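Colleague: prediction below, plus the sequence it came from.
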Amino acid sequence: MRNRKLDIAFWNYDRTRLLADGTVKIDGVDATFHSARIVPQIFEAMIQQRTYDVSELGMTYLLRTFVNGESPFAAIPVFTNRAFRHGAIYINRASGIKRPEDLRGKRIGELALYGHDAGVMSKGILSDEFGVRPDQCRWLIGGIDFPMDPVDFVSRPVPAGVEVEYADKGVDLGDLLEAGEIDALISADIPKCVLEKSQRVGRLFEDYEAAERDYYRRTAIFPIMHTVVVTRKLAAEQPEVVKAVYQGFLAAKNQMAEQYVKGMTFNNMDVMVPGFTKLIGDRRDLLGDDWWPYGIGANRAAIDAVLRYHCAQGLTDRLLTIEDVFVPGLLNS
């Protein structure tokens with residue numbers, strides 16, 4: 001039987017590299033792989049033109065496609081991008097912000113969208129852990145120094161009672177943060193003023209790694225930013241192909257992780273990151289041997305958090321469930 005031709009898109013990650021270079025094959029699939037300069041370009045092509053059969057999508061981009069509980073896409077439980085987000089909250093040091101509760105009443109910048117993936121998680125954590133709600137702050141949405149088109153290809157809901165303003169194209173929120181024109185910034189990408197160690201700015205959680213470790217130990221949530229989706233049509237008509245796609249992504253991720261672990265014997269000398277071997281060991285101690293898990297079972301707490309935060313922040317019109325969002329045949333993964 002002839003292999004099913006599929007166009008598959010994702011960014012250039014180590015966990016997908018063995019798929020893209022042909023080391024890992026997807027059983028029964030003749031795959032053509034695609035990428036882009038920045039990952040939102042992949043999202044736009046999938047959402048606007050259905051360019052691909054299988055595509056990486058940010059969780060918030062996927063959830064914004066749901067209307068009356070229905071979406072043209074279904075997720076497979078592959079999580080190409082995930083990150084703890086305590087370190088994604090930046091402050092102007094002259095703003096008077098010393099602790100999370102001090103964000104109330106402040107003007108806060110946010111990258112790209114009201115509720116970009118890092119913002120959804122950061123706001124959810126601020127609300128759950130410190131009682132700071134989005135409606136207690138004022139929001140300015142825009143870009144930073146890295147060139148990126150405005151995100152106007154998905155719905156941009158703003159819940160009642162939340163003050164949200166969009167900055168003009170070309171406005172750099174990092175510059176505004178350094179100048180004190182905004183008090184804080186939530187951003188998946190690190191602004192130049194932080195990378196260049198301006199004394200005018202810092203992080204809300206100075207020891208954010210310790211805060212993130214404590215958060216994980218208490219919640220078992222390793223936050224999810226991006227997943228991989230297929231069209232509902234493909235999921236319904238060829239469920240075995242979709243399962244094979246999942247297995248391919250899983251094998252590529254597992255084999256790359258195995259390379260890192262085996263490389264510890266030789267101090268991972270092929271990686272130009274001092275202390276990389278210790279970093280792997282530390283992360284395995286915290287997160288377990290499978291430190292970047294795929295599948296529903298190992299990620300239920302993290303998925304539920306995203307869905308709950310998305311609803312609580314007024315970005316979906318109802319609380320979606322795992323069963324609403326993911327391919328039925330992989331719910332037991």
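Modeller: Cool, the structure landed. Computed from a predicted structure; not experimentally measured.

Colleague: tell me the phi and psi of Glu165?
Modeller: For Glu165, the backbone dihedrals (degrees, to the nearest 10) come out as phi -130, psi 140.

Colleague: ok, then the element right after the strand ranked longest in the chain?
Modeller: Longest strand in the chain, counting residues (DSSP state E): strand 73-82. Downstream of strand 73-82, the first helix or strand assigned by DSSP states H and E is strand 89-92.

Colleague: so what strands line up beside that next one?
Modeller: Each strand paired with strand 89-92, and its direction, by DSSP bridges: strand 184-186 (antiparallel), strand 201-203 (antiparallel).

Colleague: neighbouring contacts of the helix or strand following it?
Modeller: Note on strand 89-92: by DSSP H and E, the next helix or strand toward the C-terminus is strand 107-111. When contacts are defined by CB atoms under 8 Å, 6 or more residues apart in numbering, strand 107-111 is touched by residues 116, 118-119, 137-144, 167, 173, 176-177, 181-189. Bear in mind the C-beta positions are built from the backbone N, C-alpha and C, glycine included.

Colleague: quick one: the strands in this protein?
Modeller: 4-9, 29-34, 54-58, 73-82, 89-92, 107-111, 138-142, 163-166, 184-186, 201-203, 224-231.

Colleague: in this structure, where is pLDDT below threshold?
Modeller: 1 (pLDDT under 70).

Colleague: could you tell me the end-to-end distance of stretch 129-141?
Modeller: Start-to-end span of stretch 129-141 (CA to CA, to the nearest Å) is 24 Å.

Colleague: for it, list every residue counted as buried.
Modeller: Applying a neighbour-count criterion of 16 or more other CB atoms under 10 Å, the buried positions in stretch 129-141 are Val132, Arg133, Pro134, Gln136, Cys137, Arg138, Trp139, Leu140, Ile141.

Colleague: and which of those is nearest Thr265?
Modeller: Using CB to CB, the shortest approach to Thr265 within those belongs to Val132, at 45.6 Å.

Colleague: how is this structure divided into domains?
Modeller: 4-82+223-330, 86-219 (automatic domain parsing).

Colleague: from Glu196, how far off is Arg203?
Modeller: Per CB to CB, to the nearest Å, Arg203 is found 14 Å from Glu196.

Colleague: from Glu110, how far off is the closest residue to Leu279 other than its chain neighbours?
Modeller: Sequence neighbours aside, Val273 is the residue nearest to Leu279 in space, at 7.5 Å (criterion: CB to CB, 6 or more residues apart in numbering). Distance, Val273 to Glu110, using CB to CB: 30 Å.

Colleague: so these two - more neighbours on which side?
Modeller: Each of Val273 and Glu110 has its neighbours counted (other CB atoms under 10 Å); Glu110 has more, 27 against 8.

Colleague: and that one, bridged to which residues?
Modeller: Bridge pairing for Glu110 - DSSP bridges - gives Ile141, Ile186.

Colleague: so how far is stretch 218-230 from its chain's centroid?
Modeller: 7 Å (CA atoms, centre = their mean, to the nearest Å).

Colleague: more neighbours: which of Arg203 and Glu196?
Modeller: Arg203 (17 against 10).

Colleague: partner residues bridging the more buried one?
Modeller: With DSSP bridges as the rule, Arg203 is bridged to Tyr90.
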